[in-house]
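Novice: sequence isn't available, so here's the structure alone:
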């Protein structure tokens, strides 16, 4: 198994999308990219921790490639928006790829170059080394899936 870590706006939406990708064996929403250890959602949403809402993905590379995960990542958010996704505004909604090894870093930068040159997309996504990931509170995990399950009961 391998791990990919992406920040692309609201982590609920990202988890909902990636948890359906064949070959993804687990997802956890949380926080990364900041300077506060074990932050809470209330702290992160102020923008003072430096963290972004992030999704950590465990995947089977024999079933899904990292490149496929990058394609899903870039198709699931607007990577041209700086520090926001739609109505969600702030540095905690910025677009980041946290690479776990040089192969991931190289794939990410090559794919961003492709989007910029071949597709003309002004990508503002940062590509930075993974340092730490802090899982979000339990009520954030699989939030959209639980909301859909609740809505189907009515």
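Specialist: Nice, thanks for sending it over. Predicted model only: the values in this text are computed from it and were never measured.
Novice: for the chain, which helix is longest?
Specialist: In the chain, assigned by DSSP state H, the helix with the most residues is helix 102-117.
Novice: for that helix, packing partners?
Specialist: Other helices and strands packing on helix 102-117, by 3 or more CB pairs under 8 Å, 6 or more residues apart in numbering; DSSP states H and E, are helix 66-75, strand 95-99, strand 126-129. For glycine as for every other residue, the C-beta is placed from the backbone atoms N, C-alpha and C.
Novice: who are the packing partners of the shortest one?
Specialist: Which is strand 126-129. Judged by 3+ CB pairs under 8 Å, 6+ apart, strand 126-129 is in contact with strand 95-99, helix 102-117.
Novice: okay, now the sheet partners of that strand, with direction.
Specialist: Within its sheet, strand 126-129 is paired with strand 95-99 (parallel), according to DSSP bridges.
Novice: what's in contact with the strand it pairs with?
Specialist: Contacts of strand 95-99 with the rest of the structure, by CB atoms under 8 Å, 6 or more residues apart in numbering, involve 5-9, 32-33, 52, 54, 70, 73, 77, 79, 81, 85, 104-105, 108, 123-131, 133.
Novice: pLDDT averaged over that strand - what is it?
Specialist: Across strand 95-99, pLDDT averages out at 97.
Novice: how far does it sit from the chain's center?
Specialist: Chain-centre distance of strand 95-99: 7 Å, with CA atoms, centre = their mean, to the nearest Å.
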